[in-house]
Each structure stands twice: as C-alpha cells, then as structure tokens.
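Novice: I need the structure of the sequence given here:
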Amino acid sequence: MNNSLYKRIEIAANVAIIAVALLFGFVLVKRFILSRSGPEPAAAFNSIKPPGAKISLPETNWSQNERHVVLVLQTGCHFCTESAPFYRRLAQAVDKRKDIELIAALPQNR
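Specialist: Sure, this is the predicted structure:
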C-alpha cells in the first residue's frame, strides 16, 4: 500500500471520529441542557399536583386550621432523605404557629 492510501484512511477515520463526537455532544446537550427536566420522570411522579391543587386526604380535618403545609415524602427517595434537615426546621417553625397545620402524606404501602 502506498502512502496516499494511508493518508486517505486516516482522514476518513478522523472525519468519522469527529462526526460521532459531534453527534454525542448534540445528544447530551439536547437531553440534559435544553430539556430543563433532565431525564424522563418516573411514572410515579406523573400524578404530582401543582401548588394550590386540591388533594384528597380522608383522615384530615381541613377546617381545623386556616392554613396547611403538606409534605409528600417517599421511602427510599434520596431527595427526601437529603432534604430531611430542611423538613425538621420547617416542622419546628410551623410548630410555633397555631394557625398552620403540618401534614405529612406518605404514599407508600404500609
């Protein structure tokens, strides 16, 4: 094989590597930067209601207090575990106020 064939193979390989790198970069940017939510959410999170939405908690007396803070926590959720110090501070602050009731909704099976 002559020297010009090696150069052509090398150029083709470099072009292919650059094309794959560009495609990979495009996929990463589109998936993680342009889509603000990141990866697709799990099916369990599709039922989360927006702030102010009405929810049904049959054992709760909503008329007992004027305001309510509802925390929905899941066992095994690393976000819930990492936020535990915040929830403790929130519970202590709400405990000092008599016009606010703190409710923890735990949707996992008992």
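
Novice: phi and psi next, for Asn61.
Specialist: Its backbone dihedrals place Asn61 at phi -100, psi 100, with angles given as degrees, to the nearest 10.

Novice: state the pLDDT value of it.
Specialist: Asn61 carries a pLDDT value of 81.

Novice: and if you look at Met1?
Specialist: Residue-level confidence at Met1 comes out at 62, pLDDT.

Novice: same check, this time on Arg110
Specialist: Confidence per residue is given as pLDDT, and for Arg110 that number is 55.

Novice: now Ala42
Specialist: You'll see Ala42 listed with a pLDDT of 43.

Novice: so how far is the longest helix that the chain contains from its chain's centroid?
Specialist: Selection of the longest helix in the chain by residue count, based on DSSP state H, yields helix 3-28. When distances are taken as Cα atoms, centre = their mean, to the nearest Å, helix 3-28 is centred 36 Å away from the chain's centroid.

Novice: repeat that for stretch 59-76.
Specialist: 22 Å.

Novice: contacts for it next, please.
Specialist: Contacting residues not belonging to stretch 59-76 are listed as 44, 48, 55, 57, 80, 87, 90, 94, 99-108 [Cβ atoms under 8 Å, 6 or more residues apart in numbering]. Yep, even glycine has a C-beta here, placed from its N, CA and C like the rest.

Novice: at 7 Å what do you get?
Specialist: Outside stretch 59-76, the residues that touch it by Cβ atoms under 7 Å, 6 or more residues apart in numbering are 80, 87, 94, 99-108.

Novice: identify those among the residues you listed that sit within strands.
Specialist: Members of the contacts of stretch 59-76 lying in strands (criterion: DSSP state E): 100-105.

Novice: between these, which sits nearest Arg8?
Specialist: Compare each of those with Arg8 using Cβ to Cβ and the shortest gap goes to Ala105, at 65.8 Å.

Novice: and the ones in strands among the contacts of stretch 59-76, which are buried?
Specialist: Buried by 16 or more other Cβ atoms under 10 Å: 101-102, out of the ones in strands among the contacts of stretch 59-76.
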